[in-house]
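Undergrad: sequence below, structure please.
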Amino acid sequence: MFQDTKIPELIDPQAMYTTNGQEAWRVLGIMAEFAGATERLRGIRPAVSMFGSARIKPDNPYYQKAETIARLLSDAGFGVISGGGPGLMEAANRGAFAGKSPAVGLNILLPHEQGGNAFQDVSFDFRYFFARKMMFVRFASAYVVMPGGFGTLDELSECLTLVQTGKSRRIPIILVGGRFWKGLLDWLRNTVVGEGMVGEEDMGLMQVIEEPEAIVEAIFSFYENRGFEPSRADREKMLNL
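TA: Now for the predicted structure:
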């Protein structure tokens with residue numbers, strides 16, 4: 001009978017066991033974060049997820065606008081969910097914290113950022129980006145996207161992709177800071193749409209709104225004839241993300 005004598009030299013059974021064990025614990029850790037965060041956020045509806053740079057200081061006009069938007073959303077009955085960190089995440093939590101509805105921080109430890117901000121009625125600490133990102137989508141009735149870096153662009157792109165592909169329900173995706181977003185939007189229209197990478201109608205998935213009051217009004221207008229509670233079909237979509 002043929003025997004491959006090279007196998008013992010290439011594979012260390014103990015190393016395989018250790019790696020598999022680590023991966024198994026990692027999967028269990030992700031599952032635990034899903035379960036814990038879902039339970040923690042269960043009653044917070046409707047809610048708006050807000051994103052923006054962690055590097056913005058309180059004297060920046062973007063910080064002040066984010067705080068104002070969050071305060072108006074909170075007083076209008078929306079929980080406000082942010083990444084829980086400094087900068088515009090802090091501004092969002094700070095505005096909501098001063099309002100009538102919960103300020104929610106989904107915190108994660110990153111090398112270049114401080115810990116969670118102090119303006120959180122409800123908080124949850126994540127180790128895994130994957131679980132944290134899903135919670136931003138799962139509980140959001142709208143996205144408000146302030147100027148930001150790679151993390152902000154990642155969240156914006158993910159939400160657009162989920163809605164475009166029908167894996168998530170349609171929600172308002174609002175960009176704040178037209179001058180900041182102009183270059184990206186021009187590139188999307190002229191190059192990405194122009195070369196057929198996405199459809200022209202996909203640009204309608206997001207809109208630029210500057211005034212805080214108009215942002216709140218746009219969200220209410222979107223849900224005027226459909227209600228904030230996800231339908232059975234919407235809930236099925238979220239289960240299959």
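Undergrad: let me see the ranges of the strands in the chain.
TA: 47-51, 79-82, 103-108, 122-126, 142-145, 173-175, 207-208 (DSSP state E).
Undergrad: next one: the most centrally placed residue in the chain from Phe130, what distance?
TA: Nearest to the mean C-alpha position of the chain, by C-alpha atoms, centre = their mean, lies Phe136 at 3.8 Å. As judged by C-beta to C-beta, to the nearest Å, Phe136 and Phe130 stand 11 Å apart. C-beta here means a position set from N, CA and C on the backbone, and glycine is covered the same way.
Undergrad: check Met146 too.
TA: 23 Å.
Undergrad: which intervals of the chain have sub-threshold pLDDT?
TA: Where the chain drops to pLDDT under 70, the residues are 1-21, 110-115, 235, 237-241.
Undergrad: need the contact partners of stretch 118-138.
TA: 26, 29-30, 33-34, 36-38, 40-41, 44, 49, 51, 79, 81, 83-84, 90, 93-94, 96-97, 102-109, 116, 155, 158-159, 162, 168, 238, 241 (C-beta atoms under 8 Å, 6 or more residues apart in numbering).
Undergrad: only whichever of those residues are buried, select them in PyMOL.
TA: Of these, the buried ones can be selected in PyMOL as follows, counting by 16 or more other C-beta atoms under 10 Å:
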select buried, resi 30+33+34+37+41+44+49+51+79+81+83+84+90+93+94+96+97+102+103+104+105+106+107+108+116+155+158+159+162+168+238
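Undergrad: among the contacts of stretch 118-138, which ones are in helices?
TA: Counted as lying in helices by DSSP state H, out of the contacts of stretch 118-138, are 26, 29-30, 33-34, 36-38, 40-41, 90, 93-94, 96-97, 155, 158-159, 162, 238.
Undergrad: distance-wise, check Pro147 relative to Phe51.
TA: Distance, Pro147 to Phe51, by C-beta to C-beta: 10 Å.
Undergrad: list residues touching both of the two?
TA: Leu88.
Undergrad: what sits opposite the nearest residue to Arg40 once chain neighbours are set aside in the beta ladder?
TA: Excluding the flanking residues, the one nearest Arg40 by C-beta to C-beta, 6 or more residues apart in numbering is Phe124, at 5.0 Å. Taking DSSP bridges as the rule, Phe124 bridges to Leu106.
Undergrad: if I look at Phe124, how far off is Gly87?
TA: In terms of C-beta to C-beta, Phe124 sits 19 Å off from Gly87.
Undergrad: ditto for Glu229
TA: 32 Å.
Undergrad: which of the two has more neighbours?
TA: Gly87 (26 against 11; other C-beta atoms under 10 Å).
Undergrad: ok, the more buried one - contacts?
TA: Gly87 sits in contact with Gly52, Ser53, Ala54, Arg55, Ile56, Lys57, Tyr63, where contact means C-beta under 8 Å, 6+ apart.
Undergrad: and which of those is nearest Arg189?
TA: Gly52 (23.0 Å; C-beta to C-beta).
Undergrad: hmm, that closest one is touching Ala66, no?
TA: Yes - counting by C-beta atoms under 8 Å, Gly52 touches Ala66, with 5.9 Å between them.
Undergrad: need the overlap of contacts for those two.
TA: Joint contacts of Gly52 and Ala66 (C-beta under 8 Å, 6+ apart) are Leu88, Ala91, Ala92, Met146.
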